[in-house]
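>>> Quick one, structure for this:
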Amino acid sequence: MQTLYIEASSIECNEERREISGKIVPLGTGEVGNTNLGAYTFEAGSIEIGDVSKIKLLSQHDMKKPIGRMTAAETRADGIYATFKLSRSTSGNDALVMAQEGLVTGLSIGAEIISSSPSRDGHTVVSAAKLKEVSLVTEPAFKSAQILEIAAEEIIPAEETKTESETVVEETTPVEATPVEAAAVEAARPTITAMAYSKPRFDFSAPKQLEMTIKASLGSDEAREYVRAAADTTDNAGLVPTRQLTTVINGLANNTRSAIDAISTGVLPDAGLSFEIPKITTLPTVAETAEAGTPSNTDQAASYVTVTVKKYAGQQQFSVELFDRSSPLFITELMNNMAAQYAAATDKAVYSALASGATADSTTLTTYPTASELLGFVSRGAASVYTNTQGFAKNILMNTSQWANLMTLNDSGRPIYAAAQPQNAGGVVSPTSIRGNVMGLDLYVSANVATSENTDKDDSILIINPTAYTWYESPTYQLRADVIASGEILVAMYGYGAIATKIGAGAFGVNKT
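Got it, this is the predicted structure:
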């Protein structure tokens, strides 16, 4: 289970009852909070509170610094509201003073996540959790949550604490240190002037430094010691934290499947590792017949095209610690990348099938096609496809190398496929889109070919009748399993697909010498 810290936004105090009340977390509103584990939202009724008397109020989620206890909680339409009784300790007094002065304006919950799921927007939706504690914090995550009331008993006057406030702490062994002036005595608490200190090990995080700076101004000797130590950078690396954004850079994969987009698609049958498609092999004949003559009589014949179903799968195995302790962004990005790799694998399979069954151009080309060579290739391809399939070629598919060459073709310096005037407009090809039009054919550009094949080789350009080929595909599936022996988690993604070459001559490929 994961412990999640969600911060709400402001406080209310009551000066007689030593109570703090407010909204501790929004429920069912869809509001996203930035937590220690990433971006989270809570469904309505998702948090179990249990015995309110056992829920402690802490300072900044520090279990060593309890300052009060929950006395009441109420779940409303927009979230959970709670009241806390603060202790009569020094830390309790500090909390009341800082709340009254607006220095600590947030309430934050610590919750044990029981059930959650990622959303399409990239954050995690919690459906079940157990409240563990609530803290006063300086920086809230949920801006809509408000601390509504602060109730504090009358503070002891300064005159009654004069003896204590004049106390000086001395050490028998002086330690050289830059003296720090004591803050003015406040009615809220006594002031103690520290003459010397020994620098301890501290948590030098930015939120901690802000908290201790505020406490030092209110007279806390522990906070003053912290501030002094923080100012001494002779043996520490400084106080500039490194932030990690939720944006992930990925220039290695996408979900584009140009080869599949260039043909027809269908739903894979629900059973079997192969299936058959009826195909007419012999047509009945009709011919001119003399009066009273016998009509032409040729039986229609059919056979079956057998299509093989193939599985495409990938997996990741990682430690349960990585799953539990990392940001939910890790799992989201992992599944996105596996989906992209699935798209690339299936698209490569289709491109290979189209190339292997294509009719080779009888005219060979020794270089990347010139403008006139491309016109000849398209015209021959359109005629071949129509002759062999009785259907029109509608799409042209090429690799990125041929796409780059296509954009260089020009008419007296004017780009043919990016023309602004109709006089030389042969289509539309753009460097910012892998879709376009070449001589009336819809252009598809695929990067899902091997690096060695991304040149001007055979079948680097294909003219296609999309009805001659069909890609049948199942939904993709996700499998997650615990590997008990090693304490790891296995995540797999897989699916089934089949490319049916209904008419092999439905594609026409460039022929390179």
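>>> List phi and psi for the residue lying closest to Ser384 once chain neighbours are set aside.
What sits nearest to Ser384 in space, not counting adjacent residues and going by C-beta to C-beta, 6 or more residues apart in numbering, is Phe508, at 4.9 Å. C-beta: built from backbone N, CA, C; applies to glycine. Backbone torsions for Phe508, taken as degrees, to the nearest 10, come to phi -130, psi 120.
>>> Let me know whether Phe508 touches Ala358 as I believe.
Yes - with contacts counted by C-beta atoms under 8 Å, Phe508 reaches Ala358, the gap being 6.0 Å.
>>> now do the same end-to-end measure for stretch 454-470.
With C-alpha to C-alpha, to the nearest Å as the measure, stretch 454-470 spans 24 Å from end to end.
>>> one step back: residues shared between the contacts of Phe508 and Ala358?
Common contact partners of Phe508 and Ala358 (C-beta atoms under 8 Å, 6 or more residues apart in numbering): Leu462.
>>> Kindly provide the whole-number mean pLDDT of stretch 213-232.
Averaging pLDDT along stretch 213-232 yields 74.
>>> residues of it that come out buried?
214-216, 218-221, 223-230 (16 or more other C-beta atoms under 10 Å).
>>> Give me the pLDDT for the nearest residue to Arg380 once chain neighbours are set aside.
Leaving aside its chain neighbours, Arg380 sits nearest to Asp361 (6.1 Å; criterion: C-beta to C-beta, 6+ apart). Listed pLDDT for Asp361 reads 94.
>>> try the one 4 residues further on
According to the per-residue confidence, Leu365 scores 87 in pLDDT.
>>> Also Leu107?
With respect to pLDDT, Leu107 has a value of 87.
>>> Which neighbouring elements make contact with whichever strand or helix holds Val307?
Assigned by DSSP states H and E, Val307 belongs to strand 301-308. Under the contact criterion of 3 or more C-beta pairs under 8 Å, 6 or more residues apart in numbering; DSSP states H and E, strand 301-308 touches strand 274-282, strand 488-501.
>>> Is it possible to get JSON lines of those that adds mean neighbour count and distance to Thr256?
Putting the helices and strands packed on strand 301-308 into JSON lines (neighbours: other C-beta atoms under 10 Å; distance: least, C-beta to C-beta, whole Å) gives the following:
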{"stretch": "strand 274-282", "mean neighbour count": "12", "distance to Thr256": "28"}
{"stretch": "strand 488-501", "mean neighbour count": "18", "distance to Thr256": "16"}
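>>> Now do the following helix or strand past the strand holding Val307 against strand 274-282, angle only.
Counting by DSSP H and E, the element after strand 301-308 in chain order, helix or strand, is strand 310-319. Here the directions of strand 310-319 and strand 274-282 differ by 160 degrees (axes from the mean of the first three to the mean of the last three C-alpha atoms, to 10 degrees).
>>> which of the residues in strand 310-319 are buried?
For strand 310-319, by 16+ other C-beta under 10 Å, it's Tyr312, Phe318.
>>> Next, the angle from that strand to strand 488-501.
Between the axes of strand 310-319 and strand 488-501, defined by the same axes, to 10 degrees, the angle is 170 degrees.
>>> strand partners of strand 310-319, parallel vs antiparallel please.
The pairing partners recorded for strand 310-319 under DSSP bridges are strand 488-501 (antiparallel).
>>> State the mean pLDDT of the strand it pairs with.
Mean predicted confidence for strand 488-501 is 92.
>>> just how off-centre is it within its chain?
Relative to its parent chain, strand 488-501 has a centroid offset of 21 Å by C-alpha atoms, centre = their mean, to the nearest Å.
>>> And for stretch 375-395?
On C-alpha atoms, centre = their mean, the centre of stretch 375-395 falls 43 Å from the chain's centre.
>>> What of stretch 429-440?
Relative to the chain's own centre, stretch 429-440 is displaced by 30 Å; criterion: C-alpha atoms, centre = their mean.
>>> Stretch 342-351 now?
23 Å.
>>> out of the helices and strands packed on strand 301-308, nearest to Ile55?
Closest of the helices and strands packed on strand 301-308 to Ile55 is strand 488-501, at 31.7 Å (criterion: C-beta to C-beta).
>>> Next, the buried residues of the strand or helix carrying Val134.
Using DSSP H and E, Val134 sits in strand 124-137. Applying a neighbour-count criterion of 16+ other C-beta under 10 Å, the buried positions in strand 124-137 are Thr124, Val125, Val126, Ala129, Leu131, Lys132, Glu133, Val134, Ser135, Leu136, Val137.
>>> so can I have a markdown table of those showing pLDDT and distance to Ile416?
Formatted as a markdown table, those follow (pLDDT from 0 to 100; distance: C-beta to C-beta, whole Å):
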| residue | pLDDT | distance to Ile416 |
| --- | --- | --- |
| Thr124 | 86 | 51 |
| Val125 | 88 | 51 |
| Val126 | 88 | 57 |
| Ala129 | 90 | 62 |
| Leu131 | 91 | 68 |
| Lys132 | 91 | 68 |
| Glu133 | 90 | 69 |
| Val134 | 90 | 69 |
| Ser135 | 88 | 67 |
| Leu136 | 87 | 69 |
| Val137 | 83 | 64 |
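>>> need those in CSV with distance to Ala95, can you?
Below are the buried residues of strand 124-137 laid out as CSV (distance: C-beta to C-beta, whole Å):
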residue, distance to Ala95
Thr124, 30
Val125, 32
Val126, 28
Ala129, 25
Leu131, 20
Lys132, 19
Glu133, 14
Val134, 12
Ser135, 10
Leu136, 6
Val137, 11
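>>> so how far is Asp361 from Ala447?
23 Å (C-beta to C-beta, to the nearest Å).
>>> Comparing these two, which residue is more hemmed in?
Asp361 (21 against 14; other C-beta atoms under 10 Å).
>>> For the helix or strand that the more buried one is a member of, list every residue counted as buried.
Secondary structure assignment for Asp361, by DSSP H and E: strand 359-365. Neighbour counts over strand 359-365 (16+ other C-beta under 10 Å) mark Thr359, Asp361, Leu365 as buried.
>>> Enumerate every residue touching the last one.
Residues touching Leu365, when contacts are defined by C-beta under 8 Å, 6+ apart, comprise Glu373, Phe377, Asp456, Val510, Asn511, Lys512, Thr513.
>>> who does the residue nearest to Ser384 bridge with?
Assessed by DSSP bridges, Phe508 has beta-bridge partners Thr359, Ile463.
>>> swap in Val483?
Val483 has these beta-bridge partners by DSSP bridges: Glu488.
>>> Can you tell me which of the buried residues of strand 124-137 comes closest to Val104?
Of all the buried residues of strand 124-137, Val104 sits closest to Leu136, with 5.1 Å by C-beta to C-beta.
>>> now what about the helix or strand encompassing Ser401, what contacts it?
Per DSSP H and E, Ser401 falls inside helix 400-406. With contact meaning C-beta under 8 Å, 6+ apart, helix 400-406 is reached by 368-369, 374, 398, 417, 429, 434, 438, 445-447, 454-456, 460-461.
>>> who touches Asn297 in this structure?
Going by C-beta under 8 Å, 6+ apart, Asn297 touches Thr285.
>>> Please apply the same query to Ser327.
Neighbours of Ser327 in contact, by C-beta under 8 Å, 6+ apart: Leu37, Gly38, Thr246.
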